[in-house]
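Could you work out the structure for the sequence below:
(one chain, ligands or ions: 2)
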Amino acid sequence: MTTVITSVSALEILDSRGNPTVRVFVETDSGTRVSASVPSGASTGENEAIELRDKDNSRYNGKGVLDAVNNVNRIIAPAITGQPVSEQVHIDRIMKKLDGTENKSNLGANAILGVSMAVARAGAESAGLPLYRYLGGNTARRIPVPAMNIINGGEHADNNVDFQEFMAVPIGAPSFREGLRSIAETFHRLKTLLKNRNLATGVGDEGGFAPDLENNEAAMDIIMEAIEQAGYKPGKDISISLDSAASSFSPDLTSKYELKWSGEGKMNSDEMISLCRDWIKKYPIVSWEDPLAENDWNGFRKLTEKVGQSIDIVGDDIFVTNTKYIAKGIKEKTANSVLIKLNQIGTVTEAIDAVQMCREAGWRYFISHRSGETEDTFLADFAVAMGGGQLKTGSASRSERIAKYNRLLEIEMELGAMRCIIGRK
Ligand SMILES: O=C(O)[C@@H](CO)OP(=O)(O)O
Ligand SMILES: [Mg+2]
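Ligands and ions are numbered 1, 2, ... in the order given. Modelled structure (predicted):
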């Protein structure tokens, strides 16, 4: 018998930064009741799907999401109630049509994604399957390689280094569990090192430390020390993924770069590329996200041409999980990997399409949380469903991030002998 949606409703909740976000509840006639919560970014790309914030700015400094909640309750709910819950693609299409804009600015990507995620979860429940299996099929058994953010800078910390994320990646680990242990140990070691040098051990939005370091390189140097002191070999056991989030220090988003916290100061695109190349020679970097700004397509292409054989050049703000931009990137050889964020595009179906496009082109993909998160663990299941790749979901110090790591540990246990780890494919 087909299970149909009987009720859809939304609630305004808070995210990990204390800002409002949307939680959606979906019920079906088989008695299922599930919810899903939408994350929210700080360093957002210009072309991301729009997160709807209230017109009335008397609440939460204009950051309320009651308009989006109303859109779920009054517009989306009547349109999809009665639909078979397993018809994810169809339901996502109905919402896109209802919205009628390119960037989901009418109903809000936060409203639409909340429903899309909750429908997927309700579909999994009704089918009696774990979410990763429902979305990824019977063969979904690859756990992503975690990239743990251990130093936060840029817009996620505002007091230290220009680059936004310094992540430890357990490239040599035999299992997810062991990989997670090695990067969590490195995180703790880093804390001790910082303490010993009288540097702050407070954390940024994603849970990485946010010490007042001299410059960007100092962050890399202390991480190298932490890896070694934790008993691991940099480049063999643990490597580094970076997210410069270069748009955040590029005034024209195209060719000018202004490093505020480092000696480098003002740079053009070629100078930025040569800084990246120097770092890649000096440090064990496996992937570099947004090394250049979101409209610096040319710079991206040049850097990829130079270093794309040895590391992943990951496009986040430049591709915004949108197949329109990813297709252009593939054609022009702009990068070789895409950051996948569900709320950048606004439906589960379109995020899956983006992953599919990467796979077909032989590109890698890197599944990602947002800097504003909730306790929802959808992302962990989604990453396994998508066949692994890499996953970034913050550090070992904030529960909204740890919830995802813990869910992956559960999935790994469930998969048992079928497990296939460290899927940087
Ligand atoms: O830039 C990024 O990749 C993300 C997630 O780490 O940050 P935000 O959610 O603030 O865009
Ligand atoms: Mg990014």
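
T2 against P84, yeah?
Yes - contact criterion Cβ atoms under 8 Å: T2 and P84 qualify, at 4.8 Å. In this view, the C-beta of every residue, glycine as well, is placed from N, C-alpha and C.

ranges for the strands of the stretch 251-400 of the chain?
Using DSSP state E, counting those that start in this stretch, the strands of the stretch 251-400 of the chain run over residues 256-259, 265-268, 285-289, 312-315, 337-340, 364-368, 390-392.

Could you provide the ones you listed in JSON lines, with additional columns for mean pLDDT?
Output for the strands of the stretch 251-400 of the chain, formatted as JSON lines (pLDDT from 0 to 100):
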{"stretch": "strand 256-259", "mean pLDDT": "93"}
{"stretch": "strand 265-268", "mean pLDDT": "90"}
{"stretch": "strand 285-289", "mean pLDDT": "97"}
{"stretch": "strand 312-315", "mean pLDDT": "98"}
{"stretch": "strand 337-340", "mean pLDDT": "98"}
{"stretch": "strand 364-368", "mean pLDDT": "97"}
{"stretch": "strand 390-392", "mean pLDDT": "95"}
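
Specify which residue of T2 and P84 has the higher count of neighbours.
Taking neighbours as other Cβ atoms under 10 Å, T2 and P84 compare with P84 leading, 15 against 12.

The more buried one contacts M1, doesn't it?
No - with contacts defined as Cβ under 8 Å, P84 does not count as touching M1, sitting 10.2 Å away.

OK, contacts around the residue in the stretch 101-250 of the chain positioned nearest to ligand 2?
Closest to ligand 2 within the stretch 101-250 of the chain is D243: 4.4 Å, counting by Cβ to the ion. Contacts for D243 (Cβ atoms under 8 Å, 6 or more residues apart in numbering) come out as 163-165, 167, 288-290, 314, 316, 392.

ditto for E373
15-16, 39, 393-394, 400-401.

distance of it from ligand 2?
14 Å (Cβ to the ion, to the nearest Å).

Equivalent analysis for G18, please.
22 Å.

buried ones in stretch 16-29?
Residues of stretch 16-29 classed as buried: 16, 19-28 (neighbour count, 16 or more other Cβ atoms under 10 Å).

that older thread, per-residue pLDDT, the residue of the stretch 101-250 of the chain closest to ligand 2?
Listed pLDDT for D243 reads 96.

quick one, phi psi at it?
Here is the backbone geometry of D243 (degrees, to the nearest 10): phi -130, psi 110.

Repeat that for I150.
Torsion angles, degrees, to the nearest 10, at I150: phi -110, psi -20.

That one: what's it in contact with?
I150 touches 166-168, 183, 186-187, 190, 208-209, 223, 226, 395, counting by Cβ under 8 Å, 6+ apart.

Try it again at 7 Å.
166-168, 186-187, 190, 208-209, 223, 395 (Cβ atoms under 7 Å, 6 or more residues apart in numbering).

how far away is it from W261?
From I150 across to W261, the span is 18 Å (Cβ to Cβ, to the nearest Å).

Would you mind listing what in the stretch 151-300 of the chain touches ligand 1?
165, 206, 243, 245 (Cβ under 6 Å from any ligand atom).

So the closest residue to ligand 2 within the stretch 1-150 of the chain: helix, strand or coil?
Nearest to ligand 2 in the stretch 1-150 of the chain, going by Cβ to the ion, is S43, at a distance of 6.1 Å. Secondary structure state of S43, per DSSP: H, G, I helix; E, B strand; the rest coil, is coil.

burial count for it?
Count around S43 with other Cβ under 10 Å applied: 20.

ditto for D252
D252, neighbours per other Cβ under 10 Å, totals 10.

if we can go back for a sec, quick one, which of the strands of the stretch 251-400 of the chain is nearest to M413?
strand 390-392 (17.2 Å; Cβ to Cβ).

Within its sheet, name the partner strands of that closest one and how each one runs.
strand 145-152 (parallel), strand 364-368 (parallel) (DSSP bridges).

Can it be said to contact ligand 2?
No - residues of strand 390-392 are not located near ligand 2 by Cβ under 5 Å from the ion, the shortest gap being 8.6 Å.

Run through who's touching that strand.
144-147, 149, 167, 287, 366-369, 383, 424.

Going by distance to A157, which of the buried residues of stretch 16-29 wins?
For those, the nearest to A157 is S16 (14.4 Å; Cβ to Cβ).

residues in contact with that closest one?
372-374, 398, 400.

returning to what we had before: just put the buried residues of stretch 16-29 in JSON lines and tack on secondary structure.
Formatted as JSON lines, those follow (three-state DSSP):
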{"residue": "S16", "secondary structure": "coil"}
{"residue": "N19", "secondary structure": "coil"}
{"residue": "P20", "secondary structure": "strand"}
{"residue": "T21", "secondary structure": "strand"}
{"residue": "V22", "secondary structure": "strand"}
{"residue": "R23", "secondary structure": "strand"}
{"residue": "V24", "secondary structure": "strand"}
{"residue": "F25", "secondary structure": "strand"}
{"residue": "V26", "secondary structure": "strand"}
{"residue": "E27", "secondary structure": "strand"}
{"residue": "T28", "secondary structure": "strand"}
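
so which of the residues you listed comes closest to S175?
Nearest member of the buried residues of stretch 16-29 to S175, counting by Cβ to Cβ, is S16, at 27.9 Å.

Need the phi and psi values for the spatially closest residue to M117 that is not a sequence neighbour.
What sits nearest to M117 in space, not counting adjacent residues and going by Cβ to Cβ, 6 or more residues apart in numbering, is A36, at 3.6 Å. Reported as degrees, to the nearest 10, the phi and psi values for A36 are phi -150, psi 150.

so what's A36 up against?
Contacts of A36 by Cβ under 7 Å, 6+ apart are 24, 114, 117-118, 121, 376, 378.

The helix or strand of the chain with the lowest mean pLDDT pairs with which strands, and in what direction?
Sorted by mean pLDDT, DSSP states H and E, the helices and strands of the chain end with strand 265-268, the least confident at a mean of 90. Strand 265-268 has the following sheet partners, assigned by DSSP bridges: strand 256-259 (antiparallel).

Narrow the contacts of strand 390-392 to those that are buried.
Here, 16+ other Cβ under 10 Å leaves 144-147, 149, 167, 287, 366-369, 383, 424 buried among the contacts of strand 390-392.
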